[in-house]
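Student: Predicted model and sequence follow; I will ask about them next.
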Amino acid sequence: MEECANSEVEVIDFEPISNSETREESVQEIDQMADESSGEDFIISNSVPVQRSTRVRQKPDYYGFVVADEMPDPSSVAEALSSHDKSRWEEAMRKEIESLHAYKVWELVEPPADRKIIGSKWVFRKKMDANGKVNRYKARLVAQGCCQKFGLDYDETFSPVVSFESVRSIIALGAHHSLELHQMDVATAFLHGELSEEVYMEQPEGYVVPGNEHLVCRLKRSIYGLKQAPRCSNYALNKRLGEIGFKKTSSDPCLYVSSDQNEAVFIIAVYVDDIVLGGKNKEKMKDVKKELSDRFEMKVLGLLHHFLGVTVIQDETTGSIWLGQPSYTKKVLQKLEWVTCKPVKTPASTDVKFTQCECEEDVCDQKTYQAVVGSLLYLSTKSRPDIAYAVSNVARFCAKPTKEHWTGVQRILRYLRGTVNFGLLYTQQASSDCRLDRGCGR
């Protein structure tokens, strides 16, 4: 053994190995020395150093706050069944299993020798209403699609969703042309898609069939968690809408218009399992709901009131439609403990021009800064365009924010404190350019 100059790395010299037994003994000896080196790097002559990662593994820092109920959702079956909401979670799991059996999502078979069996997991969520209150406990059985292999048990995965710009356009058209806006929800949307690949999954925890513990589930329908599940679900819904006379628009693949030239225009927007319907003819509205309910298990939710976290209020007397996010805004302020801060009248100051960080002493907490900016971006792109310019300014410095940048973020929060109930109001007194046109269908 000899020491390398200016280094603490050990060098091992050995003679060429002539036979396999000697080679195996030498490799074992080297492995043993590596274990005894207490993490120090060592090299073999004419070789590169063995690199050992010193990175500390931790959960990812998410961009934006997760605004939820004070009590976090359970992360496992054991945690759910040991919580004070045990009975509610048990009922939610029972309903999920009954739904899976009703749709005949799988059949129990012997595990194939040439296929990898993917795992399954229970996911628990509390569903909130427009006011941020818990109105439903949801348990979802998901497949661990991270174990799938491309070309073997999945192929195409892309599935479009309607953009929120299209949803706002429908609301604007609805207000201007006095359309009735309704919403529906596809219950267990992913279970309606049929699989063309062979996928095998472990039996769900807590519902393993006694006496058949060795069997696995061969999936016949898409299930939440599979990589191709959104595409299969979208294909089934798109096919049904085509059968009842709707065509996609060229501007948005999840925006549909009726193709019947003899009827008033009817619009449908689809975001995974959330559907917005807009039309003047009440009979047509009932027929469309019936056609969809005959094919899918639908929840008829009445007038559009809460869509993708945005509150929608339709005034039947004036025909105006308001949308905003007061509940989300309040929870962001509560999480930051800024509920009692002093409000300001504008989200940004005209006298301040932000610059890049030049002094390390001025750097603020990057994680908190990015989380708050992420929440503000969500607000500005959905229902608060009045803060869009101010948020875009502070968002440019997320890589290395300073105290000056943080002061700019605080000003936006103070502005939101005084404008919690601000939103977008669409009225019938709109521009003459706001019109309905079937020419966008294809």
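Tutor: Received, thanks.
Student: what's the straight distance from one end of stretch 104-123 to the other?
Tutor: 20 Å (C-alpha to C-alpha, to the nearest Å).
Student: I misspoke; the intended subject was stretch 220-234.
Tutor: 17 Å.
Student: cool, stretch 381-393 as well?
Tutor: First-to-last residue span, stretch 381-393, C-alpha to C-alpha: 14 Å.
Student: same deal with stretch 276-289?
Tutor: End-to-end for stretch 276-289, by C-alpha to C-alpha: 11 Å.
Student: Tell me the buried residues in that stretch?
Tutor: V276, L277, G278, G279, K280, N281, K284, M285, V288, K289 (16 or more other C-beta atoms under 10 Å). (C-beta placed from N, C-alpha, C; glycine too.)
Student: now swap in stretch 308-324 and tell me
Tutor: Neighbour counts over stretch 308-324 (16+ other C-beta under 10 Å) mark G309, V310, T311, V312, I313, Q314, G319, I321, W322, L323, G324 as buried.
Student: One more: stretch 392-404?
Tutor: Result for stretch 392-404 [16+ other C-beta under 10 Å]: buried residues N393, V394, A395, F397, P401, T402, E404.
Student: coming back round to it: what's the most distant pair in the buried residues of stretch 308-324?
Tutor: Using C-beta to C-beta, the buried residues of stretch 308-324 span at most 24.6 Å, a distance reached by G309 and G319.
Student: picking up where we left off before, which one of the buried residues of stretch 276-289 sits closest to E96?
Tutor: Using C-beta to C-beta, the buried residues of stretch 276-289 come closest to E96 at K289, 24.7 Å.
Student: Against A102, how distant is that closest one?
Tutor: Separation of K289 from A102 (C-beta to C-beta, to the nearest Å) stands at 21 Å.
Student: Low-confidence regions, the stretch 1-150 of the chain specifically.
Tutor: The model of the stretch 1-150 of the chain has pLDDT under 70 over residues 1-53, 57-71, 130.
Student: Could you pull out the helices in it for me?
Tutor: Secondary structure of the stretch 1-150 of the chain by DSSP state H, counting those that start in this stretch: the helices cover 20-36, 77-81, 86-102.
Student: quick revisit: CSV for the buried residues of stretch 308-324, including pLDDT, secondary structure and distance to E213?
Tutor: Converted to CSV, the buried residues of stretch 308-324 look like this (pLDDT from 0 to 100; DSSP: H, G, I helix; E, B strand; the rest coil; distance: C-beta to C-beta, whole Å):
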residue, pLDDT, secondary structure, distance to E213
G309, 88, coil, 41
V310, 92, strand, 46
T311, 93, strand, 48
V312, 94, strand, 49
I313, 93, strand, 53
Q314, 92, strand, 53
G319, 88, coil, 61
I321, 94, strand, 55
W322, 94, strand, 55
L323, 93, strand, 51
G324, 94, strand, 52
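Student: ok now do K345, which residues does it touch?
Tutor: Shown in contact with K345 (C-beta atoms under 8 Å, 6 or more residues apart in numbering): Y415, G418.
Student: Backbone torsions only: list them for it.
Tutor: Here is the backbone geometry of K345 (degrees, to the nearest 10): phi -90, psi -20.
Student: Ok, V216 next?
Tutor: Dihedral pair for V216: phi -120, psi 170, per degrees, to the nearest 10.
Student: That one bridge partners, please.
Tutor: V109 (DSSP bridges).
Student: you'd agree it is up against V199?
Tutor: No - V216 lies out of contact with V199 (C-beta atoms under 8 Å); the separation is 10.2 Å.
Student: The two - which one has more neighbours?
Tutor: V199 (25 against 20; other C-beta atoms under 10 Å).
Student: The more buried one contacts L226, doesn't it?
Tutor: Yes - using C-beta under 8 Å, V199 is in contact with L226, at 6.7 Å.
Student: Can you check which residues contact both of those two?
Tutor: Listed as contacting both V199 and L226 by C-beta under 8 Å, 6+ apart are A143, Q148, Y154, L219.
Student: In strands only, show me the residues you listed.
Tutor: A143, L219 (DSSP state E).
Student: mind putting the shared contacts of V199 and L226 in a markdown table, distance to E297 and neighbour count included?
Tutor: As requested, the shared contacts of V199 and L226 are arranged in a markdown table below (distance: C-beta to C-beta, whole Å; neighbours: other C-beta atoms under 10 Å):
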| residue | distance to E297 | neighbour count |
| --- | --- | --- |
| A143 | 20 | 25 |
| Q148 | 26 | 19 |
| Y154 | 25 | 19 |
| L219 | 19 | 21 |
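Student: Specify which member of the shared contacts of V199 and L226 is nearest to N421.
Tutor: Of those, the one sitting nearest to N421 (C-beta to C-beta) turns out to be A143, at 41.9 Å.
Student: Skipping adjacent residues, who's closest to that closest one in space?
Tutor: G225 (3.8 Å; C-beta to C-beta, 6 or more residues apart in numbering).
Student: so where do the strands sit in the stretch 201-350 of the chain?
Tutor: In the stretch 201-350 of the chain, the segments counted as strands under DSSP state E, counting those that start in this stretch are 216-221, 246-248, 255-258, 267-271, 274-279, 298-303, 306-307, 310-314, 321-324.
Student: how far does the first one sit from the chain's center?
Tutor: In terms of C-alpha atoms, centre = their mean, to the nearest Å, the centre of strand 216-221 is found 25 Å from the chain centre.
Student: same deal with stretch 104-115?
Tutor: The chain centroid and the centroid of stretch 104-115 are separated by 29 Å, computed with C-alpha atoms, centre = their mean.
Student: Stretch 307-320 now?
Tutor: 25 Å.
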